[in-house]
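1. just need the structure, nothing else, for what follows:
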Amino acid sequence: MHSSTTTLPAATTARAAPVGRRSWRVWAFVAAVLVLWFGFLELRGLYFPDEGRYAEIPREMVASGNWVTPTLNGIPYFEKPPLQYWATAIAFRAFGEDEWTARLAPAVAGFLAVLAVLATARRLHSRRAGWMAGAVLAASSGYFLANQFVTLDVMLTALLAGALCAFLLAQRDATPPRETRRWMAAAWFLCALAFLTKGAIAIVLPGLAVATYVAVRRDLALLRRLHLGLGIVIVTLVVLPWLVAAERRTPGFLYFFFVVEHWQRFLQPGHQRGGPWWYFVPIALGYLVPWLPAIVAALIRRHSPAGPAPRFDPVVFAWCWAGAIFVFFSASSSKLPSYILPILPGIALAVAPRLARDWRRTLRLTAWTLVVSGIVAAALAFPAAQAIKVETLRESYLASAHWIVVGALGLLATGMLTRVLARQRPLVALMTVVAGGMLGSQLAMVTASRIDAYFSAEGLIEELTGGEARRPFEPGTPFYSVDFFDQSVPFYLGRTVTLVKERGELAWGLDRDPERFIADLDDFEVAWSLHDRAYAIMTLPTHATLVAAGLSMRTIAQDGRRIVVARR
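-> Numbers count the residues shown, from 1 in each chain. Next up is the predicted model:
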């Protein structure tokens, strides 16, 4: 054995150690990212309205066995298609119903999108460009933080990112026709799944990107390479069965889904989601932290491409993708910050080659951005409380804002360490940006878990029920939600409630099932007096109004925003 080891060439031995150390670092980095991505999903209660809504709908699917008609609080809810509900319902069945499983499906989809962007940039450009594209997407503040909450926009973004990657690989100059057809089939299939996540927008956005690219590059030939007939067949086979089944179960669904939820929502202000034309500009800039300065520097710096211009330019198309989506939502009458998340995979794929070409410069600028971001966040953590108008929320925030300071210091330390590593170990420095940025963000978000009593019914309902073990909570006893509807309440109760006065987003379904609704407080007082045993949840002002009216109620749970009362 001794002779076999001494006969190894010195060069081989010298190479083996660095390769082993590099492999260890990569696996340690992967493990850290997985923990930071998935390990904190249960840290916070489910926030209303979106998280409560998108957890309760799949809970009701599991409870009822009806996977065709999404219901919220037992009322048909067709504002969005069911794919994410199905995925979450499967997670509930496999692992149980809690915050972690409620957030799991979009988090997995978002993580897979990072891998797809990494692999695509590597195949289109270089290994370094692949690492850079994956890092830009994963560590962009907007993308990472969005993946820690339940929202349909993350699943939509992930599926559209996959479609974008498949499209770019299909259209490469060197791709044989048969392979082009396969990649285009994959792109159309992912668009169809995205349709089942959030509707026709999944077809509209890629279509706008293609139209923009054709106009910019004057490349009408691209239209012949879309395999449109194949795409129509794939989308029809994937989407049509649910549309038909939903319309058969609930006549009028198709009109509501396409006309009200698509056409009217885009053209008409509503849902308290308006905003000026520049609404998404500061949001997009914030989403791109900490990469924004490096991206701007890379775009300003002149670069002369080597070799002849390609027939199809994936970088230009990625920019067209991001630009078309940004303009589309800026023109919409309905605006929410998460709507422009689909621009981020496009930007990551567009900037990766240039950022990889100036690897160390990119790391230095990003390191300084982390340092400055950490200093600013730490300095503003406590003064920011002055912007919070609700006293109880402000007090909870001030009691936990030190976690924002801790997270900010983590970002500062990450930036300083990146500066040191960038000189000799650039790949390790890139890993540090990603893992350190995620860690700093997660530490700062501990504050969100300390103030979640205002945004989530978890603590209040668990005070009432004694914890999740008793779900569903007294299913045979009437439970009213009076003059407001917190979507997280049914999830934590494990049962539906009867709405009083407040219809909100359930108006369309309640019009078809009016027996599940009490129109005003006078009718509620009559119904309440008829029960020997009942519960109700309401806001503190509504409670004061009913107390003044002489309604018999006993307080059994209360927080700074809501109160639960009983009649017995």
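
2. in contact with residue 554, which residues?
-> With contact set as C-beta atoms under 8 Å, 6 or more residues apart in numbering, residue 554 has these partners: 565-568. Any C-beta I mention is one placed from the backbone N, CA and C, and that applies to glycine too.

3. from residue 470, how far off is it?
-> Noted for residue 554: a distance of 19 Å to residue 470, by C-beta to C-beta, to the nearest Å.

4. again with residue 151
-> 29 Å.

5. now residue 557
-> In this view, residue 557 and residue 470 are 14 Å apart by C-beta to C-beta.

6. which one of these two has more residues nearby?
-> Neighbour count, other C-beta atoms under 10 Å: between residue 557 and residue 470, residue 557 has more, with 19 against 13.

7. is residue 396 in a helix, a strand, or coil?
-> When classified by DSSP: H, G, I helix; E, B strand; the rest coil, residue 396 comes out as helix.

8. so what's the nearest residue in space to it that is not next to it in sequence up against?
-> Distances taken as C-beta to C-beta, 6 or more residues apart in numbering place residue 451 nearest to residue 396, at 4.5 Å, with adjacent residues excluded. Taking C-beta under 8 Å, 6+ apart, we find residue 451 in contact with 393, 396-397, 400.

9. in the strand or helix carrying residue 101, which residues are buried?
-> Assigned by DSSP states H and E, residue 101 belongs to helix 99-124. Buried residues in helix 99-124, counting neighbours by 16 or more other C-beta atoms under 10 Å, are found at 99-111, 113-114, 116-118, 120-122, 124.

10. what sits up against whatever helix or strand comes next after it?
-> Scanning forward in sequence from helix 99-124 by DSSP H and E, the next helix or strand is helix 127-139. Here helix 127-139 makes contact (C-beta under 8 Å, 6+ apart) with 33, 113-115, 117-123, 143-144, 161, 290-291, 344-345, 347-349, 351-353, 355-356, 359, 362, 427, 430, 433-434, 437-438.

11. mind checking which of these are in strands?
-> Judged by DSSP state E, strands contain none of the contacts of helix 127-139.

12. same for the helix or strand harbouring residue 365, what does it pack against?
-> Secondary-structure assignment from DSSP H and E places residue 365 in helix 359-380. On a contact count with 3 or more C-beta pairs under 8 Å, 6 or more residues apart in numbering; DSSP states H and E, helix 359-380 meets helix 127-139, helix 292-300, helix 402-424, helix 426-444.

13. contacts for whichever helix or strand comes after the last one, please.
-> Towards the C-terminus, the helix or strand next in line after helix 426-444, according to DSSP H and E, is helix 446-450. Residues lying outside helix 446-450 but in contact with it, judged by C-beta under 8 Å, 6+ apart, are 43-45, 396-397, 399-401, 403-404, 406-407.

14. tell me which residue is most central in this structure.
-> The structure's the chain has its C-alpha centroid closest to residue 154; by C-alpha atoms, centre = their mean the separation is 3.2 Å.

15. possible to save the contacts of residue 554 as JSON lines with secondary structure and neighbour count?
-> Below are those laid out as JSON lines (DSSP: H, G, I helix; E, B strand; the rest coil; neighbours: other C-beta atoms under 10 Å):
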{"residue": "565", "secondary structure": "strand", "neighbour count": "23"}
{"residue": "566", "secondary structure": "strand", "neighbour count": "18"}
{"residue": "567", "secondary structure": "strand", "neighbour count": "19"}
{"residue": "568", "secondary structure": "coil", "neighbour count": "11"}
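
16. what is the nearest of the residues you listed to residue 415?
-> Nearest to residue 415, judged by C-beta to C-beta, of those is residue 565 at 51.2 Å.

17. what about residue 42, neighbour count?
-> By other C-beta under 10 Å, 15 other residues sit near residue 42.

18. what's the nearest residue to it if we skip its chain neighbours?
-> Using C-beta to C-beta, 6+ apart, the closest residue to residue 42 is residue 100 (4.0 Å).

19. distance-wise, check the one you found relative to residue 41.
-> From residue 100 to residue 41 the distance is 5 Å (C-beta to C-beta).

20. burial count for residue 332?
-> Using other C-beta under 10 Å: residue 332 sits among 20 other residues.

21. quick one, phi psi at it?
-> Phi and psi for residue 332, reported as degrees, to the nearest 10, are phi -70, psi 150.

22. ditto for residue 65
-> Torsion angles, degrees, to the nearest 10, at residue 65: phi 80, psi 0.

23. what of the one 10 residues further on?
-> Reported as degrees, to the nearest 10, the phi and psi values for residue 75 are phi -100, psi 130.

24. about what we covered before: now do the helix holding residue 101 and helix 426-444, the angle between them.
-> Angle of helix 99-124 versus helix 426-444, following axes from the mean of the first three to the mean of the last three C-alpha atoms, to 10 degrees, is 160 degrees.

25. tell me which other helices or strands helix 99-124 touches.
-> Where contact means 3+ C-beta pairs under 8 Å, 6+ apart, helix 99-124 is packed against helix 10-38, helix 50-64, helix 83-95, helix 127-139, helix 152-171, helix 343-357.

26. of these, which is nearest residue 478?
-> So among the helices and strands packed on helix 99-124, helix 50-64 is nearest, using C-beta to C-beta, at 18.2 Å.

27. and that closest one, what does it pack against?
-> If contacts are counted by 3+ C-beta pairs under 8 Å, 6+ apart, helix 50-64 sits against strand 71-72, helix 83-95, helix 99-124, helix 488-493.

28. okay, now the unreliable bits of the stretch 201-350 of the chain?
-> 266-273, 304-307 (pLDDT under 70).

29. can you rerun that using 90?
-> Within the stretch 201-350 of the chain, the stretches with pLDDT under 90 are 256-275, 301-311, 332-334.

30. what segments of it are helices?
-> Per DSSP state H, counting those that start in this stretch, the stretch 201-350 of the chain carries helices over the ranges 201-217, 221-224, 228-249, 253-255, 265-267, 280-287, 292-300, 314-331, 343-357.
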